[in-house]
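S.K.: Could you look at this predicted model? Sequence included:
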2 protein chains.
Amino acid sequence: MKSYDESIQILKSVAPKWKAIEHIALTNALGKILASDIIAQTPYPAYPTSSMDGYAIKFSNQNSKIKVINLAKAGDNDDINIGENECVKTLTGALVCDGADTIVPIENIKFDGEYIEIIKPVPQGFAIRAVGESYQALDVILRAGDRLGYCELALLAELGHSYVNVLVAPRVAILSTGSEILDIGQNKEHKAQIYSSNSISISSLVRDMGCEPIIMPIIKDDKEAIKNALFNALNSADFIITTGGVSVGDFDFMKEIAREAKIIIDGVAIKPGRHIKVAKINDKFIFALPGFAYSAIVTCVLFFKEFIEQIFGVNTTNKFKAILKDDYIKRSPFEEFSAATITNENGTLLISTKSKKIGSSAIIGNLSNGAVLMRVPSHKDGLKASEVVEYIKI
Amino acid sequence: MKSYDESIQILKSVAPKWKAIEHIALTNALGKILASDIIAQTPYPAYPTSSMDGYAIKFSNQNSKIKVINLAKAGDNDDINIGENECVKTLTGALVCDGADTIVPIENIKFDGEYIEIIKPVPQGFAIRAVGESYQALDVILRAGDRLGYCELALLAELGHSYVNVLVAPRVAILSTGSEILDIGQNKEHKAQIYSSNSISISSLVRDMGCEPIIMPIIKDDKEAIKNALFNALNSADFIITTGGVSVGDFDFMKEIAREAKIIIDGVAIKPGRHIKVAKINDKFIFALPGFAYSAIVTCVLFFKEFIEQIFGVNTTNKFKAILKDDYIKRSPFEEFSAATITNENGTLLISTKSKKIGSSAIIGNLSNGAVLMRVPSHKDGLKASEVVEYIKI
């Protein structure tokens, strides 16, 4: 079996660039992925602007009595020019008049109704937002692949964009299989039935990644039924994630689905999830994840998230380092991804698996409270307290 | 002026508990706040279940030839009982038959068509998910105030919930004021006009906090217009956030809006945002934030987020520690919240403000790339490299 890193390299090498772009209102764009670079056309601010309530003066006049000749409020568009020993009362956000190079805050002056006298001098240029303070013309403000958060949207608004080009969310069909599984909302008929959590956990994860999940009806462990569900999913979605189907991803089975089917990943030397399979049919990919809830979540993050971020061109990482708090004993010959807790002790990140229940790969609760996945290399028997280890944020 | 901590204490002491609850489908609940504790009614799993493909045996028979008397697949509900030297082939997820206490994986046996022989023994109880492995009856699985992420939703599904009680998202009216400000999508008419980013940044922030933002039309710096906009906002929203309005939050002005108006916060000794005001009219709160983009975002996080998490009963924190990388020189006599970058160096979090532009509180770009706010106490002149400092995640 291939290692995780080898498998991801293969997966990324065949991942197509996602090219579907839509033009949407800024107010609908939170969380979307930017489709093209955003470049400033003009400096910002474009004109010197006051950052405080004060008086716009010539710095060289600071020791004289200065006559107040006008008032400038934010939004005022009067062309005002000051001469020697003249100033303009200038409120926050107002353009600075011609001839002035410094703002003296209102707290620093005495005003006699006509003239100001400066009690507390300020350095030249004080309280003036210089042209280009925020950015210059031709600065690259945002890049294709950036996820639009509050700050990126604010920059787009400031630049005057009211609509923006973003990637269309790929549709991801989520297909849980298993004869024991009940759909959300169904009644239990006998003791061998359980409620599957995979539809809701995987759909939530892919929505957070920037995809549009389509939850398909549950399919019993029946090859024909699974085949029909896959045909249906191939028609209605860009990518397919299955959980628990033993035959999905097998070479012979996939060839029955489509002659063009190629197996990209066929098992990986990891725990949990070593039976994971990824198949490709034209530009559509099928990720066959394990059925146990914990394994399905972990492999969705380890494989599907890496795939989606590759096709989107996202550059951020979800891999970080922390210091192991307690010894960790490995329970398999594979590379392990173990649920762990991070605590921040005075700036040092400590990672521990002690609060997690030991048991099968079905314990979802191990992933609550912002759990991360600690990576344990296959060639080690375990890890020692105070070692630096890698972890993955979910 | 009061300190930040004092102000937050006052704000929290008057914050009402948010009691509006709705019953929504699990598939619509991502990111919502749970309204009541969720308690397991039965252990999970409720019956011993196989976690691997194998043979269910009596552990004491491990050295004998054992007869395969049946097959159990996931979802099968047959009452099977094994006697001495009998076993049942049991696939992953299937109930374990009565009389068996151990699963021997298929890789560990030889099968002659009728009997198995165990090549590689396993400990007693191997590969069996014991009753209650995930949780016991009456365990508290989730608590009121928990934010529903992929893991919390998966737990609800597993427990059999198809609908869930969550807090109704409060409506937050966002009202940007300023004669210089253009609405998103408006054409610029002269050089003193700028596009405001506050509507989009504040609406994105409050949406992430679990509120429903209502972006109001831009209001010019005109008391009557602002008064009318506030009346309108009081009718249509639960809370109001204004940016840039100089009179909003002033005692006299607020008394004109409503006789019941109380001023809760009237300036705080912080930079940026020392002019922040919070007023209360019955159970509605008005947060008057500064107009500059950076200051508006910072004060929204410092005050409105604390307020919302208090009324929701959210228990998580967004305050962490890091080690300062470079000396920091304070530029005001106030407590400062300075945009900073965090890097993770082998598990140590280093914080630095060096990559941030020095200038006014209008530079939004300083908040990009996941910036945090470094807290600099008012009584210090600055901070020294390698000090442990507190930071706030936005």
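M.R.: Right, received. Where do you want to start? Numbering: from 1, shown residues only, chains lettered A, B, ... in the order given.
S.K.: Now for the nearest residue to A:Lys357 once chain neighbours are set aside: which residues touch it?
M.R.: Leaving aside its sequence neighbours, A:Lys357 sits nearest to A:Ile363 (CB to CB, 6 or more residues apart in numbering or on different chains; 5.3 Å). (Glycine included, C-beta is placed from N, CA and C.) By CB atoms under 8 Å, 6 or more residues apart in numbering or on different chains, A:Ile363 lies in contact with A:Ala293, A:Tyr294, A:Lys356, A:Lys357, B:Glu133, B:Ser134.
S.K.: Distance of A:Ile363 relative to B:Pro48?
M.R.: 15 Å (CB to CB, to the nearest Å).
S.K.: Look up the pLDDT of the nearest residue to A:Thr299 once chain neighbours are set aside for me, please.
M.R.: Using CB to CB, 6+ apart and skipping the chain neighbours, the partner closest in space to A:Thr299 is A:Gly273 (4.0 Å). With respect to pLDDT, A:Gly273 scores 94.
S.K.: can you check A:Gly359 too?
M.R.: 82.
S.K.: likewise the one 5 residues further on?
M.R.: Here, the pLDDT recorded for A:Ile364 equals 93.
S.K.: so how far is chain B from it?
M.R.: 5 Å (CB to the nearest CB, to the nearest Å).
S.K.: go on, A:Leu156?
M.R.: Counting by CB to the nearest CB, the gap from A:Leu156 to chain B is 8 Å.
S.K.: And A:Ala25, by the same measure?
M.R.: For A:Ala25, the distance to chain B - CB to the nearest CB - is 8 Å.
S.K.: Can you give me the pLDDT of the nearest residue to that residue once chain neighbours are set aside?
M.R.: Counting by CB to CB, 6+ apart, A:Tyr163 is the residue found nearest to A:Ala25 once chain neighbours are left out, at 5.7 Å. As predicted, A:Tyr163 sits at a pLDDT of 97.
S.K.: What is the burial count for A:Tyr163?
M.R.: Applying other CB atoms under 10 Å in any protein chain shown, we find 16 residues neighbouring A:Tyr163.
S.K.: need the contact list for it.
M.R.: Going by CB under 8 Å, 6+ apart, A:Tyr163 touches A:His23, A:Ile24, A:Ala25, A:Leu26.
S.K.: For the stretch 151-300 of chain A, which segments are assigned as helices?
M.R.: Ranges of helices within the stretch 151-300 of chain A are A:198-208, A:223-236, A:251-257, A:293-299, based on DSSP state H, counting those that start in this stretch.
S.K.: The longest one - contacts with which helices or strands?
M.R.: Helices and strands in packing contact with helix A:223-236 are listed as strand A:171-176, strand A:239-243, helix A:251-257; criterion 3 or more CB pairs under 8 Å, 6 or more residues apart in numbering or on different chains; DSSP states H and E.
S.K.: Need the ones you listed in a markdown table (columns: distance to chain B).
M.R.: Output for the helices and strands packed on helix A:223-236, formatted as a markdown table (distance: least, CB to the nearest CB, whole Å):
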| stretch | distance to chain B |
| --- | --- |
| strand A:171-176 | 10 |
| strand A:239-243 | 11 |
| helix A:251-257 | 17 |
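S.K.: Those into TSV, with extra columns for mean pLDDT, distance to B:Ile218 and mean neighbour count?
M.R.: Output for the helices and strands packed on helix A:223-236, formatted as TSV (pLDDT from 0 to 100; distance: least, CB to CB, whole Å; neighbours: other CB atoms under 10 Å in any protein chain shown):
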stretch	mean pLDDT	distance to B:Ile218	mean neighbour count
strand A:171-176	97	37	24
strand A:239-243	97	42	27
helix A:251-257	88	55	15
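S.K.: Any chance of TSV for the ones you listed, columns distance to A:Lys32?
M.R.: TSV is the format used below for those (distance: least, CB to CB, whole Å):
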stretch	distance to A:Lys32
strand A:171-176	15
strand A:239-243	18
helix A:251-257	32
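S.K.: just checking, A:Asp208 touches B:Tyr150?
M.R.: Yes - under the criterion of CB atoms under 8 Å, A:Asp208 makes contact with B:Tyr150 at 7.2 Å.
S.K.: neighbour count winner among the two?
M.R.: For A:Asp208 versus B:Tyr150, the count of surrounding residues by other CB under 10 Å is larger for B:Tyr150: 24 against 15.
S.K.: Next, find the distance separating that one from B:Ile118.
M.R.: Separation of B:Tyr150 from B:Ile118 (CB to CB): 40 Å.
S.K.: so which of the helices of the stretch 151-300 of chain A is the most packed in?
M.R.: Neighbour counts (mean count of other CB atoms under 10 Å in any protein chain shown) averaged over each of the helices of the stretch 151-300 of chain A peak at helix A:293-299, with a mean of 28.
S.K.: thinking again about what came up before, of the contacts of A:Tyr163, buried ones?
M.R.: With neighbours counted by 16 or more other CB atoms under 10 Å in any protein chain shown, the contacts of A:Tyr163 contain buried members at A:Leu26.
S.K.: Restricted to strands, list the contacts of A:Tyr163.
M.R.: Judged by DSSP state E, the contacts of A:Tyr163 include A:His23, A:Ile24, A:Ala25 as members of strands.
S.K.: Could you dump those into CSV and include pLDDT?
M.R.: Putting these into CSV (pLDDT from 0 to 100) gives the following:
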residue, pLDDT
A:His23, 98
A:Ile24, 98
A:Ala25, 97
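S.K.: For the stretch 151-300 of chain A, give me the ranges with low pLDDT.
M.R.: Scanning the stretch 151-300 of chain A for pLDDT under 70 picks out the ranges A:246.
S.K.: these two touch, right, the residue nearest to A:Thr299 and A:Phe292?
M.R.: No - A:Gly273 is beyond contact range of A:Phe292, at 9.1 Å (criterion: CB under 8 Å).
S.K.: Now the common contact residues for these two.
M.R.: Counting by CB under 8 Å, 6+ apart, the common neighbours of A:Gly273 and A:Phe292 are A:Ser361.
S.K.: residue boundaries of the strands in the stretch 251-394 of chain A?
M.R.: A:262-266, A:270-271, A:277-281, A:284-289, A:319-324, A:328-329, A:335-345, A:348-352, A:372-376, A:382-383, A:388-393 (DSSP state E, counting those that start in this stretch).
S.K.: Walk me through which strands the longest one pairs with, and which way each runs.
M.R.: It refers to strand A:335-345. Strand A:335-345 has the following sheet partners, assigned by DSSP bridges: strand A:270-271 (parallel), strand A:348-352 (antiparallel), strand A:372-376 (antiparallel).
S.K.: now the fifth one
M.R.: When pairs are called by DSSP bridges, strand A:319-324 turns out to pair with strand A:348-352 (parallel), strand A:388-393 (antiparallel).
S.K.: Same check on the fourth one?
M.R.: Based on DSSP bridges, the strands next to strand A:284-289 in the sheet, each with its direction, are strand A:239-243 (parallel), strand A:277-281 (antiparallel).
S.K.: Report the angle between the first one and helix A:198-208.
M.R.: Right, the one you point to is strand A:239-243. With axes from the mean of the first three to the mean of the last three CA atoms, to 10 degrees applied, the angle from strand A:239-243 to helix A:198-208 works out at 150 degrees.
S.K.: Centre of the chain to strand A:239-243, how far?
M.R.: Computed by CA atoms, centre = their mean, to the nearest Å, the separation of strand A:239-243 from the middle of its chain amounts to 22 Å.
S.K.: what angle do it and strand A:171-176 make?
M.R.: Angle of strand A:239-243 versus strand A:171-176, following the same axes, to 10 degrees, is 20 degrees.
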